[in-house]
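Asker: Give me a 3D structure for the following:
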Amino acid sequence: FVSQLVGSGTYAVRAAWLGWALSAPTSVPRIGVCVALMVLDGDPEATWLAGALLAVEAATHPERRRALGAVADGLVLAVALAAVQLGPALEVARVGRPGGVPFADAAHFSFPPLRLVELVWPGAFGPRYGADWLLHALYDEGSGAAYEPWSAGIYVGLARPLFALAALVRRRDPARRRDLALAAVAAVALLVAFGRYTPLFAAWFRFVPGARLFRYPEKYLLITTLCGCALAASGLARVVERPRRALAAGTAFVALLAL
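Answerer: So this is what the prediction gives:
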């Protein structure tokens, strides 16, 4: 998270509450308080993303009806707790962004797929968006000064993607449905983060309710990282169960990376 969010303190504070909200999908008070704190921290996108993730989690929960009801009640409680700030924010959005932001603005800070190399090689392209950066430079249109992308980095360590993969290769496990849902959400978030580099973002921006209110596709990388962390925690148990196979797979990966 620190790697990604170093450029946005508000977004980082919001992200800190997201895990707590997701940790108890059947607890109305926890969902309500945590999501309300995301709103009060100053990022309206918090409620939108948290609500979507909570809905996915509840839909894959063993007690689906109870979880869906708790999520619905928790979000209503969050709106009530944060109404003192949410009301004025919606008024500002109605006046300043009627119908949402223009597509060109929404697609600003799209994530170039080539930067996926940074998952195994942080800083592979040198100073980000400088004049000699491999992809292309970004310059402020007013001052001409160079500036960095919204997401400063995506490196999460070499072990975490392997642990996440270990969670997905399990065939018979009560948590498999949840793990597959996490993987699907992570993949969709990554594709949306590509922004203008993929046709999916245009469809996302046009058809998904609320999507046209927000900018910077790179923000969706937070969801990919969060789901990857959860998958890695799940896969760690499998690695412990079969240490020899895990060591063999890890060694092969490191050898491939070295090549």
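Asker: what's the neighbour count on the nearest residue in space to residue 238 that is not next to it in sequence?
Answerer: Nearest non-adjacent residue to residue 238, counting by CB to CB, 6 or more residues apart in numbering: residue 166, 4.7 Å away. Yep, even glycine has a C-beta here, placed from its N, CA and C like the rest. By other CB atoms under 10 Å, 24 other residues sit near residue 166.
Asker: Tell me which residues touch residue 106, please.
Answerer: Contacts here follow CB atoms under 8 Å, 6 or more residues apart in numbering; on that basis residue 106 touches 100, 205, 211-212, 214-215, 217.
Asker: could you redo the last one with a cut-off of 7 Å?
Answerer: Contacts of residue 106 were listed using CB atoms under 7 Å, 6 or more residues apart in numbering, and they are 205, 212, 215.
Asker: Mind telling me which residue is nearest the centre of the protein?
Answerer: Central residue of the chain (CA atoms, centre = their mean): residue 223, 1.5 Å from the mean position.
Asker: what about that one, helix or strand, and which?
Answerer: Assigned by DSSP states H and E, residue 223 belongs to helix 221-241.
Asker: Give me the next element, helix or strand, following that helix.
Answerer: According to DSSP H and E, the helix or strand after helix 221-241 is helix 243-258.
Asker: and that next one, C-alpha only, in PDB?
Answerer: Provided in PDB are the C-alpha atoms of helix 243-258 (Å, rounded to 0.1, in the frame of the first residue of the first chain):
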ATOM      1  CA  PRO A 243       6.800 -27.400   1.700                       C
ATOM      2  CA  ARG A 244       8.700 -29.600  -0.800                       C
ATOM      3  CA  ARG A 245       6.400 -28.700  -3.700                       C
ATOM      4  CA  ALA A 246       6.400 -25.100  -2.600                       C
ATOM      5  CA  LEU A 247      10.200 -24.900  -2.500                       C
ATOM      6  CA  ALA A 248      10.500 -26.500  -5.900                       C
ATOM      7  CA  ALA A 249       8.000 -24.100  -7.400                       C
ATOM      8  CA  GLY A 250       9.700 -21.100  -5.700                       C
ATOM      9  CA  THR A 251      13.100 -22.200  -6.900                       C
ATOM     10  CA  ALA A 252      11.900 -22.600 -10.500                       C
ATOM     11  CA  PHE A 253      10.400 -19.100 -10.300                       C
ATOM     12  CA  VAL A 254      13.600 -17.500  -9.000                       C
ATOM     13  CA  ALA A 255      15.600 -19.300 -11.800                       C
ATOM     14  CA  LEU A 256      13.200 -18.000 -14.400                       C
ATOM     15  CA  LEU A 257      13.400 -14.500 -13.000                       C
ATOM     16  CA  ALA A 258      17.200 -14.700 -13.000                       C
END
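Asker: coming back round to it: among the contacts of residue 106, which are in helices?
Answerer: Taking DSSP state H, the ones among those that sit in helices are residue 205.
Asker: Out of the contacts of residue 106, flag the one nearest to residue 93.
Answerer: Comparing those against residue 93 with CB to CB places residue 212 closest, at 10.9 Å.
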